[in-house]
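Visitor: could you look at this predicted model? Sequence included:
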Amino acid sequence: MEYWQLKQRQGLPLEVKIEMSKKKIREFYEHFNGDVYISFSGGKDSTVLLDLVRSVYPDVPAVFVDTGLEYPEIREFVKTIDNVTWLKPKMPFNKVIEKYGYPVISKEQSRYIRDCQNPTPNNEITRRRRMTGIDRFGVQKKSGMISKKWKKMIDAPFKVGEQCCDIMKKKPVAQYKKDTGRMQFIGTMASDSMMRTQSYMRVGCNSFDNGSSQPMAFWKEEDVWSYIKSRNLPYSKIYNMGVKRTGCMFCMFGVHLEKGKNRFQLMKETHPKQYDYCINKLGCGKVLDYIKVKY
């Protein structure tokens, strides 16, 4: 798919998008003979996804990964939804950051920093790529390199790593898929990030090979809110508290880009107990200090 085609679809009226999404849902459901599930985080996007899928197939189960990092309001909202399987990771977040490092800057940059923080004879070429952009053939590349701004993170007095999501979310889900044979509907949208834009342009809504469907991929955030309001759809009250992103509370990916009051400054007001645990007990304060983000 070309980028102009994505932009064209993103500009369609909401009701047209809804029918297109339902078509993709039917195709995916029928391809896997109904052996599917809804990845449900309790956030606004997956709330709309849940309603879309169940408007066509009411009995499709939902799966919620209870990492222990969700806002209390998210967990309470998930409890109000029928037919939801709760999964839990085997390792808590404090052990994850102790072993693998703090999630900061972005998944991509954290991965690159982790490579350089853990030098071995076997990753010398990889570390050179991360530091200079020169690949194993000696060719200069623009990608795969730590941003100049964040090279200082290599020498940080703490570990940096991107693996928390893999361990706390993807592993429990992978086990569920292995146990049940079900394939997933997810509420990701191309407008969320450049990585998701590229994913949609590469595979579209339904990736039958990977067993994953993103039927809302060509929606935009305003479409999600329009759907919720036009259908008077219940959603987590966390959004009424000023919170805009409802992923893991203590995740620091992208916090340096937030304008105005960032997620941790807001958490200090709305969830002081969790804030204290995050900043002081988990040590996220020292990480934010290092990247010069106020909290």
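Guide: Ah, there it is.
Visitor: quick one, domains of this protein?
Guide: 3-91+166-244, 104-155, 249-295 (automatic domain parsing).
Visitor: and residue 97, which of these is closest to it?
Guide: For residue 97, the closest of those is domain 249-295, at 6.8 Å, according to C-beta to C-beta. (Each C-beta comes from the backbone N, C-alpha and C, glycine too.)
Visitor: can you give me the helices for this structure?
Guide: 3-10, 14-31, 44-56, 72-78, 93-100, 107-117, 124-132, 164-165, 171-180, 194-203, 221-230, 263-270, 272-276, 284-290 (DSSP state H).
Visitor: output the contacting helices and strands for the last one.
Guide: If you count contacts as 3 or more C-beta pairs under 8 Å, 6 or more residues apart in numbering; DSSP states H and E, helix 284-290 packs onto strand 252-253.
Visitor: distance between the strand it packs on and the chain's centre?
Guide: Strand 252-253 has its C-alpha centroid displaced from the chain centroid by 11 Å (C-alpha atoms, centre = their mean, to the nearest Å).
Visitor: ok, residues contacting it?
Guide: 102-107, 110, 284, 287-288, 293 (C-beta atoms under 8 Å, 6 or more residues apart in numbering).
Visitor: and for stretch 63-70?
Guide: Contacts of stretch 63-70 (C-beta under 8 Å, 6+ apart): 37-42, 75, 78, 84-89, 92-93, 168-169, 172-173, 176, 184, 246, 248-251.
Visitor: buried set for it?
Guide: Neighbour counts using 16 or more other C-beta atoms under 10 Å place 63-67, 69-70 of stretch 63-70 among the buried residues.
Visitor: in CSV: those, plus distance to residue 157 and pLDDT.
Guide: Formatted as CSV, these follow (distance: C-beta to C-beta, whole Å; pLDDT from 0 to 100):
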residue, distance to residue 157, pLDDT
63, 38, 98
64, 36, 98
65, 31, 98
66, 32, 97
67, 26, 96
69, 24, 94
70, 29, 96
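Visitor: max pairwise distance over those residues: which two?
Guide: Maximum distance among those (C-beta to C-beta): 16.5 Å, for 63 and 69.
Visitor: just the closest of the buried residues of stretch 63-70 to residue 150, please.
Guide: residue 69 (23.5 Å).
Visitor: now that closest one: how far from residue 103?
Guide: 11 Å (C-beta to C-beta, to the nearest Å).
Visitor: residues in contact with the closest residue to residue 78 other than its chain neighbours?
Guide: Nearest non-adjacent residue to residue 78, counting by C-beta to C-beta, 6 or more residues apart in numbering: residue 42, 4.4 Å away. By C-beta under 8 Å, 6+ apart, residue 42 lies in contact with 64, 70, 74-75, 77-78, 236, 246.
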